[in-house]
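**Q** okay, predicted coordinates and the sequence, questions at the end:
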Amino acid sequence: MPTSASIGVVVIGRNEADRLEWSLGSVRAASPTDAVYVDSGSSDGSAEIAERLGFRVIRLESGPMNAARARQAGWRALHAEFVFFLDGDSALHPDFCRNSLRRFDDPRTACVFGLVYERTPERSLLHRMNERYLCPLRYFGDGGLRGGNHLWRRSALTHTGGFDERLFTLENVELGERVRDAGFSVLHVDDPMVVHDLGSFGYGAWFRRARRVGFGAADCFVKIRRPLSWFWELKDSRETMAQSAGATVALGAAFLVPVGSSSILAAGWLMVMTARSAWHVRSRCNSVAEAFVFGVHETLRAFGFLAGLAEWLVRPRRTTPDWRN
């Protein structure tokens, strides 16, 4: 693949004023052929920041505000052979796109994505755990798509129709599996791709996001009519489902077993779940204590995911949340 191939960048965001200039500056440093910023109804002047920096801006001011819709609007506004999707809370590595073009020598390759690092992992325990979760968790080679940052062959997007705008979460996973069903491949490579900024994101927002993903998983199945086996085949999803099943057992023990026994049983099972997660990530942690903390982190995230599933069962037709709310 010639290094002169045209590359467009689509940056999407909603209320990213605190870090958007940093994100857009990284795009400029990568010297793409074209770039566009898609703003999903921001109220903090994000669109004006992008315009001040000389970026073409697409404003979504009505209708559903989700990442799938923003990405669709972005890539359709570009004419480049390759399109990199960048979230407004992330900064693009200057060499990733050009260095990744050789991966597309195989005409079956539809998408390439690399490593994600946290901008300030030392800021808090949550930031540290996010760094551990983002960067080394995934396998390399052909497999499922994760995250919001990735480089696409435009013809593959055209062939499959791109992102499903009905989905407010898991839109990347769904598209990745759909292009693989069409005979393409999605490659995860061991190259630095972006730096992510979790910002002032706290534990309350973290739990709400886990709950949103749980709700979105159920909503996704209903809307795209895929079998449950599709979700189970995704390695990361199996881990989440296993943790959520463990959370269900713990909750069941707390409510159904006589009080004296339930506390012991629930606590014991939670320890098993935590130990399981800690063992799973032991190679990525600096100590046994850090692995244990990560295990606690994953167990609590599973409770959030489970809460989202339960919410969908109670109110499946409620208005789906916009963006990351």
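**A** Cool, got the structure.

**Q** need the three-state assignment for Cys97.
**A** helix (DSSP: H, G, I helix; E, B strand; the rest coil).

**Q** so how many other residues sit close to Arg178?
**A** 19 (other Cβ atoms under 10 Å). C-beta coordinates here come from the backbone N, C-alpha and C atoms, glycine included.

**Q** pLDDT score for the closest residue to it other than its chain neighbours?
**A** With sequence-adjacent residues excluded and distances taken as Cβ to Cβ, 6 or more residues apart in numbering, Arg178 is closest to Thr160, at 5.5 Å. Here, the pLDDT recorded for Thr160 equals 96.

**Q** which residues are in contact with Thr160?
**A** If you count contacts by Cβ atoms under 8 Å, 6 or more residues apart in numbering, Thr160 has them with Leu175, Arg178, Val179, Ala182.

**Q** can you give me the helices for the stretch 1-150 of the chain?
**A** All helices of the stretch 1-150 of the chain, identified by DSSP state H, counting those that start in this stretch, fall at 17-30, 46-52, 67-76, 96-100, 125-134.

**Q** typo on my end, it should be the stretch 151-300 of the chain
**A** For the stretch 151-300 of the chain, applying DSSP H, counting those that start in this stretch gives helices covering 154-160, 171-181, 203-224, 228-232, 235-256, 259-280, 288-314.

**Q** for the ones you listed, which has the smallest mean pLDDT value?
**A** Here the lowest mean pLDDT among the helices of the stretch 151-300 of the chain goes to helix 228-232, at a mean of 51.

**Q** which of the helices of the stretch 1-150 of the chain sits closest to Ala218?
**A** When those are ranked by distance to Ala218, counting by Cβ to Cβ, first place goes to helix 67-76 at 16.9 Å.

**Q** re the thing from before, now tabulate the contacts of Thr160 in JSON lines and tack on distance to Tyr203.
**A** Below are the contacts of Thr160 laid out as JSON lines (distance: Cβ to Cβ, whole Å):
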{"residue": "Leu175", "distance to Tyr203": "30"}
{"residue": "Arg178", "distance to Tyr203": "34"}
{"residue": "Val179", "distance to Tyr203": "35"}
{"residue": "Ala182", "distance to Tyr203": "40"}
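
**Q** distance check, the residue lying closest to Ala91 once chain neighbours are set aside against Leu20.
**A** Leaving out its chain neighbours, the residue that sits closest to Ala91 by Cβ to Cβ, 6+ apart is Ser26, at 3.7 Å. Taken as Cβ to Cβ, to the nearest Å, the spacing of Ser26 relative to Leu20 amounts to 11 Å.

**Q** more neighbours, these two?
**A** Regarding Ser26 and Leu20, a neighbour count based on other Cβ under 10 Å identifies Leu20 as having more, with 25 against 19.

**Q** and that one, what's its pLDDT?
**A** Looking at Leu20, its pLDDT reads 97.

**Q** over to Pro316?
**A** In this prediction Pro316 is given a pLDDT of 66.
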